[in-house]
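Asks: The following block contains a protein sequence and its predicted model.
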Amino acid sequence: MNDTAIDRRTSGDLTTGHTVRRYDQELAKLRSIILQMGERVIDQTQAAVAALIEGDEIQAYRVLDREPLIDYLSLDADEEVFGVIARRQPTAVDLRIVLALCKIAAEVERAGDKAARIAHQALELQQQGQGGELLVEPLRLAFQRLDDKVCCMFERSVQAVATFDVTQSLGIFEDESRLQEVARDLSDLLNESETDGMVPRQTLALFQCAQALKHIGNHASSIAEQVIYVALGQDVRYRNREILIETLRHRGY
């Protein structure tokens, strides 16, 4: 696929304007479920990292207690997808929207799993008497920076779903290099931590938390890819990011 295959579509909400008003309502409900899931993932991620940094066992348990709520919403999203397909038998752009929303819901649900994984690790460290006090100040700050970057990307990806915003999605792609940089800085600190009194088991747990955080950022990028797929009708998952960004920015996005 070459860059000339990417055409700018008319602006506006692609999920409205059907002759069957009920169809618009069904799509709006599906998207609303996904937005609720996204908001919960952001809250869960921030709470899980706070539990890790502060050594807060109660907060870690709260994250784990709330995690099934995202799963239930994911099941609701699946049910809505199946219902829309069965009732409306969508084709062309409508089918593209439904399938993309289905994939987005799956990405959001997996991001929620990553937040729960961080809470699990925080809880395990705390129960071993190795909670927040394990993290020296540079590590605390590094985890917080990665958390801030990841949550910012994920929040923007969810906002992009609200209107299938290509410009917002491109901004997420542009943030990927910064995500890699912040994640690499944290990894470097963890590699040095074995000389600061940490045993390998502790370092491994923190590496897993860092990796889970980074993956949440990756899920944000995957959501952005689906947004562009809906808005432009092009699958950009395997496109060179720099060329893609330059091409679409040049076209006014």
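Replies: The structure has been received and is ready for your questions.

Asks: Where does pLDDT dip in the chain?
Replies: Flagging of the chain using pLDDT under 70 yields the residue ranges 1-20, 129-133, 193-197.

Asks: Could you report the neighbour count for residue 29?
Replies: Using other CB atoms under 10 Å, residue 29 has 15 neighbouring residues. The C-beta positions use only the backbone N, C-alpha and C, and glycine is treated the same way.

Asks: In this structure it contacts residue 77, no?
Replies: No. The pair residue 29 / residue 77 is not scored as a contact, 9.5 Å apart, by CB atoms under 8 Å.

Asks: nearest residue to residue 244 other than its sequence neighbours?
Replies: residue 236 (5.7 Å; CB to CB, 6 or more residues apart in numbering).

Asks: separation between the one you found and residue 63?
Replies: In this view, residue 236 and residue 63 are 33 Å apart by CB to CB, to the nearest Å.

Asks: and if you look at residue 136?
Replies: Distance from residue 136 to residue 63, by CB to CB: 23 Å.

Asks: Of those two, which one has the most company?
Replies: Each of residue 136 and residue 63 has its neighbours counted (other CB under 10 Å); residue 63 has more, 27 against 14.

Asks: now that one, what's its secondary structure?
Replies: Secondary structure, DSSP: H, G, I helix; E, B strand; the rest coil: residue 63 is helix.

Asks: residues touching it, list them.
Replies: 44, 47-48, 51, 115-116, 118-119 (CB atoms under 8 Å, 6 or more residues apart in numbering).

Asks: That one and residue 52, how far apart?
Replies: Computed as CB to CB, the residue 63 to residue 52 distance reads 10 Å.

Asks: can you list residues touching both of these two?
Replies: Common contact partners of residue 63 and residue 52 (CB under 8 Å, 6+ apart): 118-119.

Asks: Among the contacts of residue 63, which are located in helices?
Replies: Applying DSSP state H to those, the entries found in helices are 44, 47-48, 51, 115-116, 118-119.

Asks: which of those residues lies closest to residue 240?
Replies: Of all those, residue 115 has the smallest distance to residue 240: 30.4 Å, by CB to CB.

Asks: Give me the neighbour count for that closest one.
Replies: The number of residues packed near residue 115 is 28, by other CB under 10 Å.
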